[in-house]
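**Student:** can't give you the sequence, but here's the structure:
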């Protein structure tokens with residue numbers, strides 16, 4: 001028993017943290033192995049935007065969760081979740097997949113007071129949707145107001161207080177807590193594109209210091225609504241390759257011209273190794289390193305020398321007690337914007353030095369778009385699957401490499417690899433940078 005307890009601790013005495021469940025809802029589907037096979041095959045989930053008429057927008061396409069997804073198939077009490085927004089609906093489905101695969105359904109001894117949640121999420125779109133639904137008929141085109149500039153009583157009744165609340169970014173967490181009776185630590189972070197990677201890292205820290213036994217962690221998000229698309233179009237961050245949407249997301253390519261908006265959720269069940277061993281759980285991977293940094297530069301631009309991403313990677317490697325040359329795969333942030341891809345390349349070169357050209361790197365955003373706050377979680381799950389199966393997803397649409405992006409990005413075709421350690425990068429608007437290191441469990 002003493003030997004087993006020793007193995008369940010890191011050299012610094014804190015708990016080892018392992019992944020025991022994974023689940024996702026993505027533009028490529030919502031079962032782990034089906035989506036994984038589509039990623040390995042290099043399939044694209046990008047198509048014409050549904051849900052609103054985007055035909056007059058500079059970008060008319062996105063990577064959306066398919067209409068056949070219904071969260072009610074994955075929850076015990078559908079009535080409890082009535083009226084939820086897309087963020088929460090995606091979170092519930094992804095969490096159900098992770099929960100089932102973890103085997104916790106069959107573990108009655110679980111202490112719900114030591115079951116926590118840490119999510120990365122963002123604002124919902126219900127406020128916009130309900131405003132239009134409730135007020136369009138009362139719109140005064142001449143005055144550009146609705147009912148003299150005030151919400152009508154009828155509109156307020158149609159909208160409802162709960163519908164207003166459901167747009168808040170902590171609602172996925174709230175509904176997951178109700179669904180799984182999670183009464184432990186509960187946090188939600190709002191660090192844009194880095195949010196779910198940061199959530200996984202911080203959830204790991206909670207487990208390491210002994211504040212919980214099990215954490216539901218990851219992220220859920222959609223910004224595929226008129227406000228979201230308009231904002232990113234005005235920032236010139238989105239690809240406008242409307243004539244060929246499935247070729248629009250092209251990270252590290254010389255012809256890249258912006259990212260493709262995606263949506264969905266990725267969830268992981270992580271727990272202390274000691275707790276996993278007690279319940280004889282199947283361990284999928286171990287989270288061994290987490291690093292975080294800020295660029296302290298500009299809101300929308302990364303520092304040109306890549307100092308922020310490099311600092312996050314160095315911190316994660318140090319936390320993992322892992323040398324750069326021990327990394328077998330990097331899941332890149334790889335958005336397909338001009339600055340991001342070249343600066344991420346520069347940062348990897350700065351951290352990995354002479355080892356950089358030998359490390360395979362790929363961006364699954366080339367296939368499922370950029371899931372914003374949920375992106376890091378689906379990319380962390382990808383790392384788990386790489387470690388499990390020894391196969392690398394490709395970076396598709398990479399036919400004209402940028403000379404500034406001169407590393408091995410696994411272009412267009414998947415690859416077999418002997419992978420024991422993987423690194424996952426996420427960099428958010430505002431200059432937040434987060435990196436995870438995952439290791440095959442032994």
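**Tutor:** Received the coordinates, thanks. What you see is a predicted model; the values in this text were computed from it and never measured. Numbers count the residues shown, from 1 in each chain.

**Student:** give me the number of residues near the nearest residue to residue 330 once chain neighbours are set aside?
**Tutor:** Among residues not flanking residue 330 along the chain, residue 361 sits closest, at 4.3 Å (Cβ to Cβ, 6 or more residues apart in numbering). (Glycine included, C-beta is placed from N, CA and C.) The criterion is other Cβ atoms under 10 Å. On that basis, residue 361 has 25 neighbouring residues.

**Student:** need the contact list for residue 361.
**Tutor:** Applying Cβ atoms under 8 Å, 6 or more residues apart in numbering, we find residue 361 in contact with 329-332, 334, 348, 395, 407-410.

**Student:** now, which of these lie within helices?
**Tutor:** Using DSSP state H, the subset of the contacts of residue 361 located in helices is residue 348.

**Student:** Please tell me which one of the contacts of residue 361 counts the most neighbours.
**Tutor:** The most crowded member of those is residue 334, carrying 31 neighbours; neighbours defined as other Cβ under 10 Å.

**Student:** And that one, how far from residue 394?
**Tutor:** Summarising the geometry, the distance separating residue 334 from residue 394, computed by Cβ to Cβ, to the nearest Å, is 12 Å.

**Student:** try residue 99
**Tutor:** With Cβ to Cβ as the criterion, residue 99 and residue 394 are 30 Å apart.

**Student:** So, low pLDDT: which residues of the stretch 151-300 of the chain?
**Tutor:** Within the stretch 151-300 of the chain, the segments meeting pLDDT under 70 span 151-164.

**Student:** for it, what spans make up the strands?
**Tutor:** Along the stretch 151-300 of the chain, counting by DSSP state E, counting those that start in this stretch, strands occupy 186-189, 214-222, 263-272, 285-294.

**Student:** out of these, which comes closest to residue 373?
**Tutor:** The closest approach between residue 373 and any of the strands of the stretch 151-300 of the chain, judged by Cβ to Cβ, belongs to strand 214-222 at 3.8 Å.

**Student:** for that closest one, packing partners?
**Tutor:** With contacts defined as 3 or more Cβ pairs under 8 Å, 6 or more residues apart in numbering; DSSP states H and E, the packing partners of strand 214-222 are helix 86-102, strand 115-121, helix 171-180, helix 195-208, strand 263-272, helix 375-389.

**Student:** how far out from the middle of the chain is it?
**Tutor:** Between the mean C-alpha point of strand 214-222 and the mean C-alpha point of its chain there is a distance of 8 Å (Cα atoms, centre = their mean, to the nearest Å).

**Student:** repeat for stretch 45-63
**Tutor:** Counting by Cα atoms, centre = their mean, stretch 45-63 comes out at 21 Å from the chain centroid.

**Student:** Between its first and last residues, what's the separation in that stretch?
**Tutor:** From its first residue to its last, stretch 45-63 covers 5 Å (Cα to Cα, to the nearest Å).

**Student:** Stretch 232-250 too?
**Tutor:** Taking Cα to Cα, the span from the opening residue of stretch 232-250 to its closing residue is 17 Å.

**Student:** can you list contacts of it?
**Tutor:** 44, 46-48, 57-61, 63, 223, 229, 256-261, 300, 336-337, 365-367, 369-370, 396-398.

**Student:** So for that stretch, what gets flagged as buried?
**Tutor:** Residues 232-233, 237-239, 241, 245-250 are the ones in stretch 232-250 that count as buried (16 or more other Cβ atoms under 10 Å).

**Student:** Also stretch 8-24?
**Tutor:** Neighbour-count burial for stretch 8-24, with 16+ other Cβ under 10 Å as criterion, is recorded at 8, 15-24.

**Student:** ditto for stretch 83-99
**Tutor:** Judged by neighbour count using 16+ other Cβ under 10 Å, the buried positions of stretch 83-99 are 84-99.

**Student:** Of the residues you listed, which is the nearest to residue 194?
**Tutor:** Of all those, residue 87 has the smallest distance to residue 194: 16.9 Å, by Cβ to Cβ.

**Student:** Is residue 423 in a helix, a strand, or coil?
**Tutor:** Residue 423 falls in the strand class when you classify it by DSSP: H, G, I helix; E, B strand; the rest coil.

**Student:** Please identify the helix or strand for the closest residue in space to residue 292 that isn't next to it in sequence.
**Tutor:** Nearest-residue entry for residue 292: residue 434, 5.0 Å, with adjacent residues in sequence omitted and distances by Cβ to Cβ, 6+ apart. When elements are assigned from DSSP states H and E, residue 434 belongs to strand 432-439.

**Student:** Which strands and helices lie in contact with that strand?
**Tutor:** With contacts taken as 3+ Cβ pairs under 8 Å, 6+ apart, strand 432-439 sits against helix 195-208, strand 285-294, helix 307-320, helix 375-389, strand 421-428.

**Student:** how far off strand 263-272 does the second one point, in degrees?
**Tutor:** With axes from the mean of the first three to the mean of the last three Cα atoms, to 10 degrees as the basis, strand 285-294 and strand 263-272 are set at 120 degrees to each other.

**Student:** now do the shortest one
**Tutor:** Strand 421-428 and strand 263-272 are oriented at 130 degrees to each other (the same axes, to 10 degrees).

**Student:** elements contacting strand 421-428?
**Tutor:** helix 195-208, helix 307-320, strand 329-331, helix 338-352, helix 375-389, strand 432-439.

**Student:** Can you list the strands that the shortest one pairs with?
**Tutor:** Partners of strand 329-331 in the sheet, by DSSP bridges, are strand 361-362 (parallel), strand 421-428 (parallel).

**Student:** And the next helix or strand past the first one?
**Tutor:** So that's strand 361-362. For strand 361-362, the following helix or strand on the C-terminal side (DSSP H and E) is helix 365-368.
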